[in-house]
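Visitor: My questions are about this predicted structure, shown below with the sequence.
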Amino acid sequence: MRYTSTLKLSTRMVTVVTMIVVTTIFLLFVGGSFSIKKLGDEYMHQTLRSIVQVVDEELSEEHDPEELRRWIPKLLKASSVIELEIRSSGTGTIFDYRDTSQKWDTTMLYGDEFALTSHPDYVLEIKMVPPYVGYSYSIGALSSFTFAIILIIFCLYQGVKWLQQQLLGTELLEERGKMLLAGRVEEYAKGDAREWPYTASEALDRCIQELNDARRERSRFDTFLRENTFLDKLTGSANRVMFDSKLQSSLMESGSSGAIALIEIYEWEGLKDNLSSDEQERLLLQLDESIKSVFSRYDELLIARYFDNSFALLLPRVGAKECTQLLNQLLNTLEKLSLSPIVNQENWVHFGLTMYRHGESRGRLLEEVTTALKSAQLQSSNNWSRFDKQHEEQALRGSVRWRQLFDKQARKESIQFYAQRCFVEDGNLREEIHQELFARIFDENNQLLKASQFYNALTQVGYEAQFDSEVLQKVKKLVNSDSGRYSVNLSTLPFRQRSHQHRFRDYLLTMPPSQRQRLSFEFVESELVTHLDFMRPVLKLISAVGSTVIVQQVGRTIVSTYYLKEFDITFLKLHRGIVREIDRRPENQLIVRSLLGACSDSNTEIIAVGVEKERELDFLRQLGVKGVQGRLYDQEHLKGSQAEKIVHNTKVQVGRRNRWRNK
């Protein structure tokens, strides 16, 4: 960036003009002083020559020295002569005059010797007071000069004031340019009406407006591109490509489990012949809206229009018992719909359900859910069926048991932090930017639960605010103990309450600036975009105090990326499912390329989370992703005191037989 002066343009111009005027006045004053001195010297020499000439002429006419003493003192006094001596080479001093009426410093007197023209043997030595010596300031004598100086100063003041007014518009334009270069484009998008030159200001306004339009258009285009690639045009739900991709990612995630449901409208081909296009679309939309209303509280749910007449549901971390309740509720909702008389109200929709776990085959699961769907159709009524698998069901907790667990374990003393380092690569250099902290708690059997295993329950029982507060207090203690940089995951829903926003603000302001700069806060993209209205001041607060804002799980859902232009987002963390096997999945490559394009005109960097293989890393580098986080570089490790973990692990669960044995 070129050097820019810190002084305003008007300040520089006023300084130059003032210096020119002051220098001119000084030169005129010095020149005038020399001129006056020169005139005084010439006047003095002329006076001395006149006196010498008079004395020479009088000596030629008079020969009596007494006669000379009679009239010459009057002439000398009138001419400010202090001393006069006439000497002859033969007779010595002929005449000697000294004015004793006033005492003068001899160093101030001007003296000279003259040889008389008519009397070559005579020498006249004379000393006189120079002109202007002893004069003081006189208003009358120097009034014109004083008035000229005052007039010049007044004109200079008025000229400087006028110049500042004329250059105000240029200063405003320059200041606006500095703010734009500092990145405050949105705040200074529209210029002041006083900016000058007007054409430059107007051109800047139009360029910024076109740039903002282009950014919005690009964001809309990226969203449109992803929507048309991964979303169904009619319902807005996911399509088959996205469902298969998310299912494959979920199956590859360690410890994953959940359910897959397939919902199909029976005898669709026959209905298409008897229903108009509008009636067909209305039926599909009714089915889609009913599904979304029943499953609305599941954030990780994926609804996809798999075929023309069927919808597929992916429910991660949902047990068979809960799925049974949900499908029964959905069936009751669909039976209450007002349908066309052509549709058989008693036998028009069927569900198939199967459970999945990590490592299973996607094709095998789709066959299972299809088999379950056909089994439901054989019953000739609105019904659903579950594929019978020999899975050992994981013990499920109700909301009461979750609440009891959180009351006991969701405290800063019981929360365990596992950290994983995150890096940004620049060529051969690899820089650690922070360590992401993962909160985990112990269950009743002293088994560690990941946040992904209890987060849904945390939201269900309304403990997000309490849990986040405990996490923040533990993070504060951790930041005080070392100098590392940490990233903390926070929920967005608690910030809906003003009181929680105020507590979070006080939490940040009570920390020293050096500690705040070492903290980053991560928010889930889908939640952030949904709750952007009340999250707006929170994001601005985090940036204002020097902390970093990170958006995580990017790409899990299709949302607009325009929030990148509104807020100072430092990093985008890709969802693990996007990164997994990205070198073999073109649909995920499209998502990453779209996000890279959205970040191209900002300072936001993209971080790939869950990198486990070298080929994944190599392909991400080819795409232009510089941030890396995953087991390939760093394993998750316990952060903080090991004693807390030991205390929990030493707890003994006594069974019934042990109880009788102890007795």
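Guide: That came through, no problem. Here the structure is a predicted model, which is why all the values come from computation and not from measurement.

Visitor: Ile260 is in what secondary structure piece?
Guide: Remark: Ile260 resides in strand 257-265, with elements defined by DSSP states H and E.

Visitor: now the helix or strand following that strand, how far from the chain's geometric center?
Guide: For strand 257-265, the succeeding helix or strand toward the C-terminus, using DSSP H and E, is helix 268-274. Taking Cα atoms, centre = their mean, to the nearest Å, one finds helix 268-274 lying 56 Å from the centre of the chain it belongs to.

Visitor: can you give me the helices in the stretch 401-550 of the chain?
Guide: For the stretch 401-550 of the chain, the helices defined by DSSP state H, counting those that start in this stretch occupy 451-460, 464-481, 498-509, 513-516, 525-530, 532-544.

Visitor: and the longest one, average pLDDT?
Guide: If I follow you right, that is helix 464-481. Helix 464-481 comes out with an average pLDDT of 92.

Visitor: Same question for the third one.
Guide: If you average the pLDDT over helix 498-509, you get 94.

Visitor: out of all of them, which helix in the protein is the longest?
Guide: Longest helix of the chain, by residue count under DSSP state H: helix 9-61.

Visitor: tell me what it is packed against?
Guide: helix 65-78, strand 81-88, strand 110-115, strand 122-128, helix 139-181 (3 or more Cβ pairs under 8 Å, 6 or more residues apart in numbering; DSSP states H and E). Glycine gets a C-beta too; all of them are placed from N, C-alpha and C.

Visitor: any idea of the angle the strand holding Ile260 forms with helix 451-460?
Guide: 60 degrees (axes from the mean of the first three to the mean of the last three Cα atoms, to 10 degrees).

Visitor: Adjacent strands (with direction) for strand 257-265?
Guide: With DSSP bridges as the test, strand 257-265 is paired with strand 310-316 (antiparallel), strand 349-357 (antiparallel).

Visitor: circling back: output the helices of the stretch 401-550 of the chain as a markdown table; include the columns distance to Ile265 and mean neighbour count.
Guide: Formatted as a markdown table, these follow (distance: least, Cβ to Cβ, whole Å; neighbours: other Cβ atoms under 10 Å):
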| stretch | distance to Ile265 | mean neighbour count |
| --- | --- | --- |
| helix 451-460 | 30 | 17 |
| helix 464-481 | 38 | 18 |
| helix 498-509 | 44 | 14 |
| helix 513-516 | 55 | 14 |
| helix 525-530 | 29 | 19 |
| helix 532-544 | 36 | 16 |
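
Visitor: Same list (those) but as a markdown table, adding distance to His45.
Guide: Shown next, in a markdown table, are the helices of the stretch 401-550 of the chain (distance: least, Cβ to Cβ, whole Å):
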| stretch | distance to His45 |
| --- | --- |
| helix 451-460 | 106 |
| helix 464-481 | 90 |
| helix 498-509 | 84 |
| helix 513-516 | 78 |
| helix 525-530 | 95 |
| helix 532-544 | 80 |
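
Visitor: Let me know which of these is the nearest to Leu271.
Guide: helix 525-530 (34.2 Å; Cβ to Cβ).

Visitor: next one: phi and psi at the closest residue to Lys408 other than its chain neighbours?
Guide: Excluding its sequence neighbours, the residue lying closest to Lys408 (Cβ to Cβ, 6 or more residues apart in numbering) is Ser414, at 7.3 Å. Torsion angles at Ser414 (phi, psi; degrees, to the nearest 10) stand at phi -100, psi -20.

Visitor: Which of the residues in the strand holding Ile260 are classified as buried?
Guide: For strand 257-265, a neighbour-count test (16 or more other Cβ atoms under 10 Å) marks Ser257, Gly258, Ala259, Ile260, Ala261, Leu262, Ile263, Glu264, Ile265 as buried.

Visitor: quick one: Asn167 from Val16, how far?
Guide: Residue 167: Leu, not Asn. Distance, Leu167 to Val16, using Cβ to Cβ, to the nearest Å: 12 Å.

Visitor: my bad, should have said Arg194
Guide: 23 Å.

Visitor: More neighbours: which of those two?
Guide: It is Arg194, of Arg194 and Val16, that has more neighbours when counted by other Cβ atoms under 10 Å, with 14 against 10.

Visitor: Phi, psi for that one please.
Guide: phi -90, psi 0.

Visitor: Okay, now the unreliable bits of this structure?
Guide: Counting by pLDDT under 70, the chain contains low-confidence ranges at 1-6, 62-66, 134-141, 183, 215-229, 255, 390-398, 640-663.

Visitor: Need the residue closest to the centroid of it.
Guide: The centre of the chain sits closest to Asp568, judged by Cα atoms, centre = their mean, with a distance of 3.9 Å.

Visitor: Next up, the contacts around it.
Guide: Asp568 makes contact with Leu539, Ser543, Val549, Asn603 under the criterion Cβ atoms under 8 Å, 6 or more residues apart in numbering.

Visitor: partners of the third one in the sheet?
Guide: I take that to be Val549. Phe521.

Visitor: isn't Asn309 right up against Glu264?
Guide: Yes. Contact status for Asn309 versus Glu264: in contact at 5.9 Å, counting by Cβ atoms under 8 Å.

Visitor: circling back to that earlier point, distance to Met242 and mean neighbour count for the strands paired with strand 257-265 - can I get that in TSV?
Guide: Converted to TSV, those look like this (distance: least, Cβ to Cβ, whole Å; neighbours: other Cβ under 10 Å):
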stretch	distance to Met242	mean neighbour count
strand 310-316	10	23
strand 349-357	17	24
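
Visitor: Now Phe567: closest residue in space, sequence neighbours ignored.
Guide: Leu539 (4.8 Å).

Visitor: And Glu444, by the same measure?
Guide: In space, Glu444 comes closest to Leu405 once its chain neighbours are excluded; the distance is 6.9 Å by Cβ to Cβ, 6+ apart.

Visitor: quick one, what contacts that neighbour?
Guide: Contacts of Leu405 were listed using Cβ under 8 Å, 6+ apart, and they are Arg397, Ile441, Asp443, Glu444, Phe454.

Visitor: What is the nearest of the residues you listed to Glu210?
Guide: Taking Cβ to Cβ as the measure, Glu210 lies nearest Phe454 of those, at 48.6 Å.

Visitor: now, among the buried residues of strand 257-265, which is nearest to Gln158?
Guide: Set against Gln158, the nearest of the buried residues of strand 257-265 by Cβ to Cβ is Gly258 (81.1 Å).

Visitor: does the closest one have beta-bridge partners, and which?
Guide: Pro316, Tyr356.

Visitor: Could you report the distance from it to Thr604?
Guide: For Gly258, the distance to Thr604 - Cβ to Cβ - is 32 Å.

Visitor: just Lys389 next, same as before
Guide: 44 Å.

Visitor: which residues touch the strand ranked longest in the chain?
Guide: When the chain is scanned for its longest strand (criterion: DSSP state E), the result is strand 429-442. The contact list for strand 429-442 (Cβ under 8 Å, 6+ apart) reads 405-406, 409-410, 414-425, 448-451, 454, 467, 471, 475, 478, 484-489, 520, 522, 548, 571, 627, 629, 636, 639, 648.
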